[in-house]
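Asks: build me a model:
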Amino acid sequence: MFIEDVLAGAVRYGSSVIFATQGELISERAGVINLGIEGSMLCGALAAFATASATGSAVAGIFAGLAAGGVLAAIHAFLVIWRGANQLAAGLAISFLGLGLTAALGVSFVSKQITGLGAIEIPLLSDIPILGKVLFTQDALTYLALILPFIVLFALSRTKWGLILRATGERPEVVRAYGYDPKHVRAAAVILGGALAGLGGAQLVLAYTLNWVENVTVGRGFVAVALVIFGAWRPLGAAAGALVFGAALSLQLQLQARGVDVSIWLLQMAPYVLTLLVLVFTSRRQSKQIPEDLKAVFGGT
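Replies: Residues are numbered from 1 along each chain as shown. Predicted coordinates:
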């Protein structure tokens, strides 16, 4: 069924972007924009694939992806927070670093295949028409991606950790007055954000492609940064944007599979064009939601 296949693909393909959006959102709510999310996704993907290939364990690959994404984000945190580097320039440099590293180190894995994460059918729920296939016959990381925005929302709005994080992005002097170092809070947020992006890269190779190719993320990290803005720095809004991106990607793949007579290049452009259009139509409203410490970066007033 065409609609069912598109919706199931939206969840499967959008999950890696959900991880990246939640990671970037955490970083930005602490006052640091990280364009290096793309690099963290790539490093997480390669680390996950290489580990799964060497050990035969997809679970080990998941932890390797988390670690690799966090390590690359730690470099960004050091450059921006302790050395005062420009956030946007440093983030782009980190992304190119991730692209170069994974291209060089991933050559030997190009022709290899792995046993990834299999689908887990939830009894009874997987039998529900349409929704059963869309939501309840996914892999473990996809299930985690679907609940992660709710976890992040609760953590940001209902916990002391979330209050400190948000205050660091809005009024760091208040955080300092309460005995916390804003630099340490921001560094932790950036590293956690990078780790989640690495987990998104791991989901991409362990549950979707099951192989490694250079630049396997094809810009998903940059899309995630845009979707955080689209979602007005809210976890559920950013996740919804990731699912829309996933739906556009799923649609173009389904159309290709059915032999629709449309240029393959136009179909491959569609998810990214849709993301740009959404940003164009929502940018005015979202500009009012920019965290205080990011207004200079985004040009807000």
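Asks: now do the SS call for the nearest residue to residue 20 once chain neighbours are set aside.
Replies: Using Cβ to Cβ, 6 or more residues apart in numbering and skipping the chain neighbours, the partner closest in space to residue 20 is residue 224 (3.5 Å). Just so you know, the C-beta spots here come from the backbone N, C-alpha and C atoms, and that holds for glycine as well. Counting by DSSP: H, G, I helix; E, B strand; the rest coil, the backbone at residue 224 sits in helix.
Asks: ok, residue 224 - how many residues close by?
Replies: Number of residues near residue 224 (other Cβ atoms under 10 Å) recorded here: 33.
Asks: cool, residue 258 as well?
Replies: Residue 258 has 9 nearby residues by other Cβ under 10 Å.
Asks: now do the contacts for it.
Replies: By Cβ atoms under 8 Å, 6 or more residues apart in numbering, the residues touching residue 258 are residue 2.
Asks: the protein: strands as residue ranges?
Replies: 120-121, 137-138 (DSSP state E).
Asks: just to check, residue 254 is in contact with residue 3?
Replies: No. Using Cβ atoms under 8 Å, residue 254 is not in contact with residue 3; the gap is 9.5 Å.
Asks: between these two, which one's more packed in?
Replies: Neighbour count, other Cβ under 10 Å: between residue 254 and residue 3, residue 254 has more, with 16 against 10.
Asks: contacting residues around the more buried one?
Replies: Residue 254 neighbours (Cβ under 8 Å, 6+ apart): 2, 5-6, 9.
Asks: any idea how far it lies from residue 13?
Replies: 11 Å (Cβ to Cβ, to the nearest Å).
Asks: ok, residue 201 next?
Replies: Residue 201 is 14 Å from residue 13, by Cβ to Cβ.
Asks: more neighbours: the two, which one.
Replies: When residue 201 and residue 13 are compared on other Cβ under 10 Å, the one with more neighbours turns out to be residue 201, at 35 against 23.
Asks: the more buried one contacts residue 44, correct?
Replies: Yes. Using Cβ under 8 Å, residue 201 makes contact with residue 44 at a distance of 3.3 Å.
Asks: mutual contacts of these two, please.
Replies: Joint contacts of residue 201 and residue 44 (Cβ under 8 Å, 6+ apart) are 65, 68-69.
Asks: neighbour-wise, which of those leads?
Replies: residue 69 (38 neighbours).
Asks: am I right that that residue is in contact with residue 190?
Replies: No. With contact defined as Cβ under 8 Å, residue 69 does not count as touching residue 190 (11.0 Å).
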